[in-house]
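Chemist: quick one: sequence and predicted model below, then my questions.
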Amino acid sequence: MNKLIASLLGGMWITIAAAAGDANILLIAGRPSHAPGEHEHNAGVLLFQKCLAGVPGVKVSTFLSGQWPDEAVFNGAAAVVIYCDGGGGHVALQGNRLEQLGALMKKGAGFGCVHYACEPTTEKGNKEFRDWIGGCFETFWSVNPHWDADFKSLPDHPITRGVKSFQMRDEWYFHMRFRERMKGVTAILSAVPPAETMSRPDGAHSGNAAAREAVKKGEPQHVMWACQRDDSGRGFGFTGGHFHKNWGQDDFRKVVLNAILWSAKVEVPAAGVASAVTEEELKQNLDTKQPRKPKAPRAGKK
């Protein structure tokens, strides 16, 4: 059941063998990016796989460094969850992959996006992502500041089973572009951003009049949500995940593990997915990346 099978295919494809009839969940990681400890897509999905290994009725396959499943594997998926960089480099927007996803969604498969993967381009993927997961990051509308989010209350939903209120600093994207009137969408994690989140000038990701007004009014912003589609499929978006160390926090990790199961139509345990992650395990599978260069001092300052 838990025999590890690995094959190298450009990036890497690792699957945990499972009995026939188990829900096949595909976890797709993007290529390395950002500084060490940030956007650790490969280490992140491998950690999810490790945490889900003991869940009965589930088969988890991971595709690393931008690797995309072949057609046979892809077409048999109960859910596809992507953790990668977004925009034009989004792994799901290359070639005909968006069309592949669309065909899978019509079969009622689940779809989930973690952190930057929540951002397609406005021209390609925006409509589809809103259809499939209920919302997405839209440039010149959504923003991506780093801030301390305080999740004081949680809705009654399978994704929140066993999850307690928690606080976490992350690059929580907010002011997302959701479906009209939030049709079929349930907010899972919501918090009120502080005024400092609007300290940057307006830009594609940094600020705009509508986002500034929402923060000024103290409107709660949804940074994780779930979507029940009319085709019976399920989707979710989770905008955190910039800092790899945050996966060491039990509630932060559990809410995403629960969402992965829920999106695949697997019953979420009453107390949520039980998992433990050590400091040593958080250091495993990290990408080899150059440290971020220190900023040059401003003129006149030492």
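Modeler: Thanks, I have the structure now. Not measured: the values here are computed from a predicted model.

Chemist: what about the longest helix in this structure?
Modeler: helix 250-263 (DSSP state H).

Chemist: quick one: average confidence on it?
Modeler: If you average the pLDDT over helix 250-263, you get 98.

Chemist: same check on stretch 56-75?
Modeler: Here the average pLDDT along stretch 56-75 is 95.

Chemist: what comes up buried for that stretch?
Modeler: Within stretch 56-75, the residues that qualify as buried by neighbour count (16 or more other Cβ atoms under 10 Å) are 58-69, 74. C-beta here means a position set from N, CA and C on the backbone, and glycine is covered the same way.

Chemist: quick one on the thing from earlier: rounded mean pLDDT for the following helix or strand past the longest helix of the chain, please.
Modeler: The element immediately downstream of helix 250-263 (helix or strand, assigned by DSSP states H and E) is helix 279-282. The average of the pLDDT scores along helix 279-282 is 97.

Chemist: which residues sit against helix 279-282?
Modeler: Contacts of helix 279-282 with the rest of the structure, by Cβ atoms under 8 Å, 6 or more residues apart in numbering, involve A43, L47, K50, H244, K245, W247, G248.

Chemist: stretch 47-67 spans what distance, first to last residue?
Modeler: The first residue of stretch 47-67 is 17 Å away from its last residue (Cα to Cα, to the nearest Å).

Chemist: circling back to that earlier point, show me the contacts of helix 279-282 that map onto helices.
Modeler: Within these, residues falling in helices by DSSP H are A43, L47, K50.

Chemist: just the pLDDT for the second one.
Modeler: Read that as L47. The predicted local confidence for L47 comes out at a pLDDT of 98.

Chemist: does it really touch G248, like I thought?
Modeler: No: the pair L47 and G248 does not pass the contact test of Cβ atoms under 8 Å, sitting 9.4 Å apart.

Chemist: doesn't G272 make contact with R253?
Modeler: No: in this structure R253 lies outside contact range of G272 using Cβ under 8 Å: 9.8 Å.

Chemist: need the residues touching each of L47 and G248.
Modeler: What both L47 and G248 touch, as defined by Cβ under 8 Å, 6+ apart, is the set V277, L282.

Chemist: neighbour count winner among these two?
Modeler: L47 (24 against 16; other Cβ atoms under 10 Å).

Chemist: how far away is the residue nearest to that one when sequence neighbours are not counted from V192?
Modeler: Of all residues not flanking L47 in the chain, W247 sits nearest, at 5.7 Å (Cβ to Cβ, 6 or more residues apart in numbering). Taking Cβ to Cβ, to the nearest Å as the criterion, W247 is separated from V192 by 24 Å.
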